[in-house]
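Q: Structure for this input, please:
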Amino acid sequence: MSDYMFMLESHLNGDHNRVVNGVTALANEANVNLYLAGGAVRDMLGGFAIRDLDFTLETAVAGFAQAVVKSLGGEIRYEDPYRRFTELWLPGNVTAQIAISREEHYAKPGGKPRVTTPVPIWADLKRRDFTVDGIALGLNRGSRGQLRDPSNGIADLENREIRASYTGIFFDDPSRMLRLLRLKHRLGYQVEERTVRQFENARLEELQNLIPAETRLEELKQIAQEPLAGEILKDYQAAGLMALFSPALAAEKLDVHALEKLEKLRKLIPQELFGRSGGWIAFLDVLTANLNVKEKAELARNAGLDRASGEALKKLAPDAKKLESHLKSARMQKPSHVYFALEAAPGDAILHLLYGSQQRIVQDRIRNYLQKYLPMAQEASAGMTAGKARTEAITQKLNARPKKPPVEVVEAPAEEPAQGWTAKRGS
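A: As a prediction, the model looks like this:
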């Protein structure tokens, strides 16, 4: 095994490793070249947590994404037959993309590209936005552990610098303007000087107005996962990009401190409690808290807010209010009562209460659940499936009275006669 494969496995959690191994096995069965590319390799080499898995096949394989879902479980989230990629939701909250290597040629800024596929992996990597994203790691037998880096992205990772892969990246796809500012904060890197000039030229040409609503929404969802979401949106504000989402937020209603508070609290909640939401609905609630009804509708329209997100946002406050009433009830007498009440609650509702509830008992019970009850329950139910036996095991574990440590009885030593006493008695 190469050092890079060891590095990859060290950076992946168990669910990610299972997906990488499963997709690799299917590629070997189909006898096609498979690469892990883009953000996953960038984050591995840069020492960041890996979020998404971006797989690229050098040969078109009919039904490959469907075979992945059939083998590993999950579902297809989105398919783009024109660009030849499929986005998947897989068990363990793993998001992955299966793509055929491609080139894209744009006739006009922000237009639909002419796509050529399949192409050699190096050609696919050179058409990507930034050099740090244009690196791939071979996964199959012939290239396992070998890096492909045609734009010298590794050097830019070492220099902690973001550099455009080619001169016209923002003219070809203006959504990269949004992504550049997000990556700058996510990675903590500087933007290379020529890339800054390219960004400014695109901004002066007002190419940001060509970014479609669905892409704005996807970028906003990505920002919701970032630890510096408020700082990213401040950069959008300074660059005149915030108005793409909401003129009101661009003007004065963006509350960076509120977003910072939300992020600190989100870190207390394990990611698996959010499911596929990732805290997106709670983020959207705080982001729009200062907007009136008309302004919220404008943001929803500008960002192409999907119906599911809109409905979830409307339900968040009422659902959290019900949960709050339940948690402060006098019937919450045992740890197991608190645990099962919160186990059934969406992560966004828990985060909403941590952020906004004024009830001290509610805050305390949520924190007890996160810090004590949840780890205890996981220990008690390890390897068990949902059902009566699991419920009983958790209940017994949580409600058991802690054993008092035994009191150690230490006997006093026998009193020794004073020195010289025998002699005195006999005198």
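Q: Return the residues in contact with the closest residue to Y236 other than its chain neighbours.
A: Spatial nearest neighbour of Y236, chain neighbours left out: M242 (4.3 Å); criterion: Cβ to Cβ, 6 or more residues apart in numbering. The C-beta positions use only the backbone N, C-alpha and C, and glycine is treated the same way. Counting by Cβ atoms under 8 Å, 6 or more residues apart in numbering, M242 makes contact with L233, Y236, L249, A250, L254.
Q: As CSV, these with distance to E200, secondary structure and neighbour count would be great.
A: Formatted as CSV, the contacts of M242 follow (distance: Cβ to Cβ, whole Å; DSSP: H, G, I helix; E, B strand; the rest coil; neighbours: other Cβ atoms under 10 Å):
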residue, distance to E200, secondary structure, neighbour count
L233, 19, helix, 26
Y236, 15, helix, 25
L249, 22, helix, 22
A250, 18, helix, 17
L254, 22, coil, 20
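Q: Could you save these as CSV and add columns showing pLDDT and distance to G110?
A: CSV is the format used below for these (pLDDT from 0 to 100; distance: Cβ to Cβ, whole Å):
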residue, pLDDT, distance to G110
L233, 96, 22
Y236, 96, 18
L249, 96, 23
A250, 94, 21
L254, 95, 26
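Q: want to try TSV for those, with distance to E75 as columns?
A: Below are the contacts of M242 laid out as TSV (distance: Cβ to Cβ, whole Å):
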residue	distance to E75
L233	31
Y236	32
L249	33
A250	36
L254	35
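Q: I'd like the distance between V196 and I169.
A: Applying Cβ to Cβ, to the nearest Å, the value for V196 to I169 is 13 Å.
Q: A341 too?
A: Taking Cβ to Cβ as the measure, A341 falls 49 Å from I169.
Q: So for those two, which sits in the more crowded spot?
A: I169 (22 against 17; other Cβ atoms under 10 Å).
Q: Return the residues in contact with the more buried one.
A: D129, F130, R176, Q198.
Q: By neighbour count, which of these wins?
A: Highest neighbour count within the contacts of I169: F130, with 25 neighbours (other Cβ under 10 Å).
Q: what comes into contact with the longest helix along the chain?
A: Counting residues, the longest helix found in the chain (DSSP state H) is helix 307-327. Helix 307-327 is contacted from outside by 277, 280-282, 284-285, 288, 300, 332, 338, 341-342, 345-346, 348-350, 352-353, 356-357, 359, 361-362, 365-366, using Cβ under 8 Å, 6+ apart.
Q: one more time with 7 Å
A: Contact partners of helix 307-327, identified using Cβ atoms under 7 Å, 6 or more residues apart in numbering, comprise 281, 284-285, 300, 341, 345, 348-349, 352-353, 357, 359, 362, 365.
Q: before we move on, what about stretch 223-237?
A: Counting by Cβ under 7 Å, 6+ apart, residues outside stretch 223-237 touching it are 181-182, 185-186, 242, 250, 254, 256, 259-260, 263, 278-280, 283.
Q: Closest to D306 out of those?
A: Nearest to D306 among the contacts of stretch 223-237: W280, at 10.7 Å, using Cβ to Cβ.
Q: any idea how far G38 is from the closest one?
A: Distance from W280 to G38, by Cβ to Cβ: 21 Å.
Q: Show me which of these two is the more surrounded one.
A: G38 (24 against 20).
Q: Next up, the contacts around the more buried one.
A: Applying Cβ under 7 Å, 6+ apart, the residues contacting G38 are D54, R128, D133.
Q: May I see those arranged in TSV, with pLDDT and neighbour count as well?
A: Converted to TSV, those look like this (pLDDT from 0 to 100; neighbours: other Cβ atoms under 10 Å):
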residue	pLDDT	neighbour count
D54	97	21
R128	96	22
D133	97	21
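Q: Strands - which of those land there?
A: The strands, defined by DSSP state E, take in D54 from the contacts of G38.
Q: and which of the contacts of G38 is nearest to I394?
A: D54 (37.6 Å).
Q: quick one on the thing from earlier: would you mind listing the buried residues in the longest helix of the chain?
A: For helix 307-327, a neighbour-count test (16 or more other Cβ atoms under 10 Å) marks S309, A312, L313, L316, D319, A320, L323, E324, H326, L327 as buried.
Q: Ok, stretch 357-371 next?
A: Those would be S357, V362, R365, I366, Y369, L370, for stretch 357-371 by 16+ other Cβ under 10 Å.
Q: ok, now stretch 17-31?
A: Within stretch 17-31, the residues that count as buried by 16+ other Cβ under 10 Å are N17, R18, V19, V20, G22, V23, T24, L26, A27, A30.
Q: on that earlier part again, just the ones in helices from the contacts of I169, please.
A: Using DSSP H, the contacts of I169 in helices are R176, Q198.
Q: on that earlier part again, closest to A65 among the contacts of G38?
A: Nearest to A65 out of the contacts of G38 is D54 (Cβ to Cβ; 13.0 Å).
Q: In this structure that closest one contacts Q97, no?
A: Yes - counting by Cβ atoms under 7 Å, D54 does reach Q97; the two are 5.0 Å apart.
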